[in-house]
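> give me the fold of what follows.
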Amino acid sequence: MGSLIEYFKKETAKNVLEKAIDHAKKVQKTVKELNKGIKILLQKKDSEKAHDIFHEVDMIEGNADSIRRDILSSISKGELNPSVRTDLSHLIKRLDDVANCATGVARRINTIPMNFWEQTSKESIDLILEMSKTTVECSSYLDKIVIDLLGERKKVKEYASQINLLEHEIDLSNIKLRRSLQKTDYNVNSFSIFTVGNTIDILEAISDSIESVADYIMLLLTSASV
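Below is the predicted model of the structure:
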């Protein structure tokens, strides 16, 4: 697997390298925009503006998909070591999972009726906002760890460690949130409750996917040093 790192040292890999970094930044942007929409929905109670931002998350994810397909098309052409192609494909797929989760939250939270949030306690709202904020912080390491992997590789372990710590914080907030939500006797449609639970699952899965990117990059780094 270390061959991927060797591949990126070559001048011929420059175009793919730039696209990979651009892809990571687009993925990161989906998480940031999602957080913006969640804040406007839950703090400002502006469902229309939040709807527009959640739609923007969808659009950014579409752009990230275009870059992903472009990268896969580029590496499928010419003479390329099969292991390099596989490693890069796996890395891009893991990055893509992050954007897919962000879009999944945006699409589902858009369908939850406003009366659910009106009945929700401040404690629960604050925990959702905390999860979302920490998820953005976790995603802020995405482009950094990818750039460092494809560059000098001096801080990959540090970035991976930070991602792991933040992912754990989100796990703890998720547990607190589920306990908090169950304290409220909601008067809403049962399917709304199901959708909320599903949305929270996917919100928590964003950081899991980011951690998966970091773990895979650490695997690549370890393999390169063998």
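> for the chain, which spans come out with low pLDDT?
1-3, 5, 8-9, 11-12, 78-80, 224-226 (pLDDT under 70).
> tell me the buried residues in the top helix by length along the chain?
The single longest helix within the chain, with elements called by DSSP state H, is helix 190-225. By neighbour count on 16 or more other Cβ atoms under 10 Å, the buried set for helix 190-225 is 195-196, 199-200, 202-214, 216-218, 220-221. Backbone N, C-alpha and C define where each C-beta goes, glycine included.
> relative to residue 105, how far out is residue 67?
According to Cβ to Cβ, to the nearest Å, residue 67 stands 21 Å off from residue 105.
> okay, these two: which has more neighbours?
The residue with more neighbours, out of residue 67 and residue 105, is residue 105; 28 against 21, by other Cβ atoms under 10 Å.
> who touches residue 206 in this structure?
31, 98, 101-102, 105, 135, 138-139 (Cβ atoms under 8 Å, 6 or more residues apart in numbering).
> next, count neighbours for residue 82.
For residue 82, the count of nearby residues is 8 (other Cβ under 10 Å).
> gap between it and residue 88?
Applying Cβ to Cβ to residue 82 and residue 88 gives a distance of 11 Å.
> helix or strand for the residue most central in space within the chain, which one?
Using Cα atoms, centre = their mean, the residue of the chain that lies closest to the mean C-alpha position is residue 98, 3.1 Å off. For residue 98, the host element (DSSP states H and E) is helix 82-109.
> and the angle from that helix to helix 190-225?
Put simply, helix 82-109 runs at 160 degrees to helix 190-225, going by axes from the mean of the first three to the mean of the last three Cα atoms, to 10 degrees.
> quick one: distance of the helix or strand just after helix 82-109 to the chain centre.
As assigned by DSSP H and E, the chain's next helix or strand after helix 82-109 is helix 114-119. Computed by Cα atoms, centre = their mean, to the nearest Å, the chain-centroid distance of helix 114-119 equals 26 Å.
> toward the C-terminus, what is the element adjacent to helix 114-119?
With elements assigned by DSSP H and E, the helix or strand that comes after helix 114-119 is helix 122-139.
> what's next to that following helix, contact-wise?
With Cβ under 8 Å, 6+ apart as the test, helix 122-139 has contacts from 27-28, 31-32, 34-35, 38-39, 42-43, 98, 117, 163, 166-167, 169-170, 173-174, 176-177, 180-181, 183-184, 200, 203-204, 206-207, 210-211.
> looking at those, which are in strands?
Among these, none falls in strands (DSSP state E).
> separation between the closest residue to the residue nearest to the centre of the chain other than its chain neighbours and residue 38?
For residue 98, ignoring the flanking residues on the chain, the nearest one in space by Cβ to Cβ, 6 or more residues apart in numbering is residue 209 at 4.4 Å. Distance, residue 209 to residue 38, by Cβ to Cβ: 17 Å.
> repeat that for residue 14.
Look at residue 14 and residue 38: by Cβ to Cβ, they are 37 Å apart.
> residue 148 now?
Per Cβ to Cβ, residue 148 is found 29 Å from residue 38.
> between those two, which has more neighbouring residues?
Using other Cβ under 10 Å, the more surrounded residue of residue 148 and residue 38 is residue 38, with 25 against 20.
> thinking again about what came up before, residues touching the residue nearest to the centre of the chain, list them.
Listed by Cβ under 8 Å, 6+ apart, the contact set of residue 98 reads 27, 30-31, 139, 142, 206, 209-210, 213.
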